[in-house]
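Undergrad: Predicted model and sequence follow; I will ask about them next.
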Amino acid sequence: GGRTRERVMNPGRQTIRENTVLKNDIWMSKDAGKTWKLVTPGCRNQQEDILVGTEYMSGNTRYLTKSNGLGNISPTKCRDSTDCYGDEVCKAVDGHRNQTVCVCPMFGIREHHSLSVQHRYVKRDDGVKHREDYLYVSGGFTQVRHDSCGNRACGSRGSYRMALDDVWASNDAINWVQLRQAAVGNSTSFKPRGGHSTNLISKSLFPEQDVDILFVFGGESVGPNNPKSEFLGDIWYMELYTQPCCAIHKSCHLRSHPLTHSDVHTCISRGSVWIRLGLKSEIDGRAGHVSIHEPASSMNGFRDYIYIIGGKNSTAVHSDVWSLDLTSGESWELDTSAHTWKSGVEIVGDDGLDSLRINSGRNFTFY
């Protein structure tokens, strides 16, 4: 996914124009990014909950248009799924049985979302250790039309930027299930966001609980009803099971066992809600930051830390580094207020010691 440009022929003027569009295609590489293979082309139309919350909020479908233009957010009418693009399916939504449109069955087009990977293991009956990797996509920004012109959605193109709060999971990058629906303007304590960060922490932090923890921090919240950006400094978490779903279904011996919607609460997550981590203090709200998890080890006294680095809000570009001790900490600690850097954050070794290197394009600074 993300933002890109696609060329479109204008048949009336025999010219070519470039449209800026959002994507949700998925690519994979097995050689460290030298070559890439398309896994799925994704969709051009929205996922169902966003479509219902924006196009169908008036209950009037006569304004829906049939248009296959690139970047067009108005849902495409269809007779069957062959009329739709990529992975889209043709179906009736929100009770409108006499109107079928193309719907995205995976996470919809977006940018500035987060992606986390969870490794799950189980020992099969034959003694072989079976591993599955689970992908989690959360939040981000999309473009939608909005019901601000009487009883219909306005405009033919997506001209409103909207933050999302949905969560999707997959174990093959092709078949996706939705753990949490997009609120689309409904009141919720967990605010939709993009430009946030997520960290998946294994159960070693919580050995008494057979769960992994997916943390989300900060981000920017914005939508058609609230066009002024709000930058967030909160931290939330969601509990995830650790065994592959095939262990529940006794199907780990099969070559393929994609996730289904019935797996959501039985073997993927313990709940579809985010739980707020209660802290005594929060840092300044921000988006576009980097978060890094430092696992417990003998080098840090067997404590788990999350570091928040940089980011921006409506008034400043941050160049600070904050840490949170997940083992027993109750508040963020300011580790450093370093000089502004341009880009690049990574963990490196320095004489056998783990260090955090900030790459500013000039001299390196170590922490």
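TA: Everything's here; your move. Everything numeric in this text was worked out from a predicted model, so none of it was measured. Numbering: from 1, shown residues only.
Undergrad: mind listing the strands in the stretch 151-300 of the chain by residue range?
TA: 160-170, 177-180, 197-201, 211-223, 226-241, 275-276, 290-294 (DSSP state E, counting those that start in this stretch).
Undergrad: Present these as CSV; the columns should include mean pLDDT and mean neighbour count.
TA: Any C-beta I mention is one placed from the backbone N, CA and C, and that applies to glycine too. Output for the strands of the stretch 151-300 of the chain, formatted as CSV (pLDDT from 0 to 100; neighbours: other Cβ atoms under 10 Å):
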stretch, mean pLDDT, mean neighbour count
strand 160-170, 92, 24
strand 177-180, 93, 22
strand 197-201, 94, 20
strand 211-223, 93, 24
strand 226-241, 90, 19
strand 275-276, 90, 12
strand 290-294, 93, 18
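Undergrad: now those in a markdown table, with distance to Asn45?
TA: Shown next, in a markdown table, are the strands of the stretch 151-300 of the chain (distance: least, Cβ to Cβ, whole Å):
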| stretch | distance to Asn45 |
| --- | --- |
| strand 160-170 | 15 |
| strand 177-180 | 16 |
| strand 197-201 | 26 |
| strand 211-223 | 20 |
| strand 226-241 | 24 |
| strand 275-276 | 32 |
| strand 290-294 | 32 |
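Undergrad: Which among those is found nearest to Thr35?
TA: strand 160-170 (22.2 Å; Cβ to Cβ).
Undergrad: what about the closest one, distance to the chain center?
TA: Strand 160-170 sits 6 Å away from the centroid of its parent chain (Cα atoms, centre = their mean, to the nearest Å).
Undergrad: quick check: angle from it to strand 197-201?
TA: 10 degrees (axes from the mean of the first three to the mean of the last three Cα atoms, to 10 degrees).
Undergrad: Helices along this protein, start to end?
TA: Here the chain has its helices, by DSSP state H, at 48-54, 245-249.
Undergrad: quick one: contacts of the shortest one?
TA: Outside of helix 245-249, the residues that reach it under the criterion Cβ atoms under 8 Å, 6 or more residues apart in numbering are 122, 130, 132, 171, 252, 254, 257, 259, 263, 266-268.
Undergrad: switch the cut-off to 7 Å
TA: Here helix 245-249 makes contact (Cβ atoms under 7 Å, 6 or more residues apart in numbering) with 122, 252, 257, 259, 263, 266-268.
Undergrad: any idea which of those is the one closest to Lys203?
TA: Checking the contacts of helix 245-249 against Lys203 with Cβ to Cβ, the nearest one is Val122 at 13.5 Å.
Undergrad: Fine, thanks again, bye for now.
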